[in-house]
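**Q** A structural model of the following input is requested.
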Amino acid sequence: MADLTPNATPPPDDIFGTKAGPNPCKSESTDGSAGVSPLCPQCKSKKLWRDGNYTIFDEKIQRWLCRDCGYRFSDKNDLQKAKTAEIESVETVDTKLLKSQPDIVETSQICVTETKNLEAEPQTKDVLRRTENQTGGFKHKIEEYGNWLRNNGKSQATIRGRVKLLKRLTRRGANLYDPESMKKTIADQPWGNGQKNNAVDAYSSFLKMVGGIWEPPLYKIIRKIPFIPKEVEIDQLIAACSPRMATFLQLLKETGARCGEIWQLTWSDIDFESKVVNITPEKNSNPRVAHLSNKLLDMLQSLPKKYGTRVFSLATMLIDNFAVNFQRQRRRTAHKLKNPRLLKIHFHTFRYWKGTMLYHQTKDMYYVMQRLGHKNIKNTLLYVQLEEALFQGEDEYVSKVAKTEKDICQLVEAGFEFVTDFQEAKIFRKRK
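**A** Numbers count the residues shown, from 1 in each chain. Sure thing, here's the model as predicted:
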């Protein structure tokens, strides 16, 4: 069971939908005695959470949150004690208390930064209920959560993903203010454990914003070996796509970059003279420079420059719609070529393929790490495993013989490695 942090400043009432107005605490204890949890004055439920407390006139005022209807209220007995403690210092006119701090508290709305007296203009909030057709209040709070993430420096991709997950969960019956309901809804989704962990992370950060805590569920991620297509299949798919899509895919193939890194590429990142591209990293990886083929440079120069400084999109355009377009072209190509393996190819498949090929050609894990921008070499170990599985027993080399110093230098510059001496010659080899 989750609870809000005790002795903390109470979160704003509009989080939980309190109805502001005079004396909102018309409740009775379950057995009529002090010290027992009161009933909810809104729905008479006994299912309550302690929602923090605050001190007035040296008396602690307990706040309560109804688990059924989301109503938030103060303990009337505590308020009465505060009144009694300060009764001598309060001005009275015809037995009516004026300027009494407890009276002000009863008729006020708890705001984010301070307590304001709103008795002159009471506001009525809709009670948030755990039903799918009452998510209007949830929508407003999720939008506020997105702004909170932005103010805390999260990337647009992170904000978009977390907000989308919370909206989806509330549409499927989750109560945003009931962690147990959220746990059950996440568990019921037909998602993989990775996606469920993303939902848990999103809700954990939401609770951090409102000042709540919970015991998050743990989903163990079972990593699967990704699909690695043949190069001829990649080339067939690229050739069948539109010019803009084909150029995008060719960049993924030659650079091994993430799709988001290519999506935000600008014309100034491409050096047509040196035939290289500067890749701005995502996910805290390292920046890098990749070489481009003449074929790819021609494809880039033939693209219309209709997106200003960017190559493939405006700054406000999302990659989601572009991915849907890719899926449509991929499906058409797979049907035309009668090759269902093409349906397994997605944007990140090109990165898997490039990393595997680089390690197969060089057997240098550190080189692959630098080319892909990894900060941790553990991420590169996947490509070692993929290469060993795909090319076991298939190592093929081109061998050359050099007798003169000039021949030796030419072979070394071409990437050949020395193997052995034979008679008066030296033997070199290079992977095909």
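
**Q** What lies in contact with the helix or strand in which Val368 is found?
**A** Element membership for Val368 (DSSP states H and E) is helix 365-372. Helix 365-372 is contacted from outside by 256, 285-286, 288, 290, 351, 354-355, 358-359, 362, 377, 379-381, 383-384, using CB atoms under 8 Å, 6 or more residues apart in numbering. C-beta here means a position set from N, CA and C on the backbone, and glycine is covered the same way.

**Q** Determine how far that helix lies from the middle of the whole chain.
**A** Mean C-alpha position of helix 365-372 versus that of the full chain (CA atoms, centre = their mean, to the nearest Å) differs by 26 Å.

**Q** what sits up against whichever helix or strand comes after that helix?
**A** Counting by DSSP H and E, the element after helix 365-372 in chain order, helix or strand, is helix 381-390. For helix 381-390, the external contacting residues (CB under 8 Å, 6+ apart) are Ile225, Pro226, Ile228, Tyr352, Gly355, Thr356, Leu358, Tyr359, His360, Met365, Val368.

**Q** For ChimeraX, write a command that selects the buried ones of these.
**A** Restricted to buried positions by 16 or more other CB atoms under 10 Å, the ChimeraX selection for the contacts of helix 381-390 reads:
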select :228,352,355,356,358,359,360,365,368
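
**Q** now, which of the contacts of helix 381-390 sits nearest Cys43?
**A** Pro226 (50.9 Å; CB to CB).

**Q** for the closest residue to the closest one other than its chain neighbours, what are its contacts?
**A** Setting aside the residues directly before and after it, Pro226 is nearest to Tyr352 in space (CB to CB, 6 or more residues apart in numbering), at 4.7 Å. Contact partners of Tyr352, counting by CB under 8 Å, 6+ apart, are Pro226, Phe227, Ile228, Tyr383, Leu386.

**Q** From the chain's centroid, how far away is the helix or strand containing Tyr352?
**A** Following DSSP H and E, one finds Tyr352 within helix 347-362. Here helix 347-362 is found 25 Å from its chain centre; the criterion is CA atoms, centre = their mean.

**Q** between it and helix 365-372, how many degrees?
**A** Orientation of helix 347-362 against helix 365-372 (axes from the mean of the first three to the mean of the last three CA atoms, to 10 degrees) gives an angle of 150 degrees.

**Q** coming back round to it: out of the contacts of helix 365-372, which are buried?
**A** Using 16+ other CB under 10 Å as the burial test, the contacts of helix 365-372 include Gly256, Ser285, Arg288, Ala290, Arg351, Lys354, Gly355, Leu358, Tyr359, Thr380, Tyr383, Val384 as buried.

**Q** out of the residues you listed, who's nearest Val232?
**A** Val232 has its nearest neighbour among those in Lys354, at 15.5 Å by CB to CB.

**Q** Also compute the angle for the helix holding Val368 relative to helix 381-390, please.
**A** Orientation note: helix 365-372 sits at an angle of 110 degrees relative to helix 381-390 (the same axes, to 10 degrees).

**Q** in helix 365-372, what counts as buried?
**A** Of the residues in helix 365-372, Met365, Val368, Met369, Arg371, Leu372 count as buried by neighbour count, 16+ other CB under 10 Å.

**Q** Pick out whichever of these sits closest to Asn339.
**A** Closest approach to Asn339 among the buried residues of helix 365-372 (CB to CB): Leu372, at 27.4 Å.
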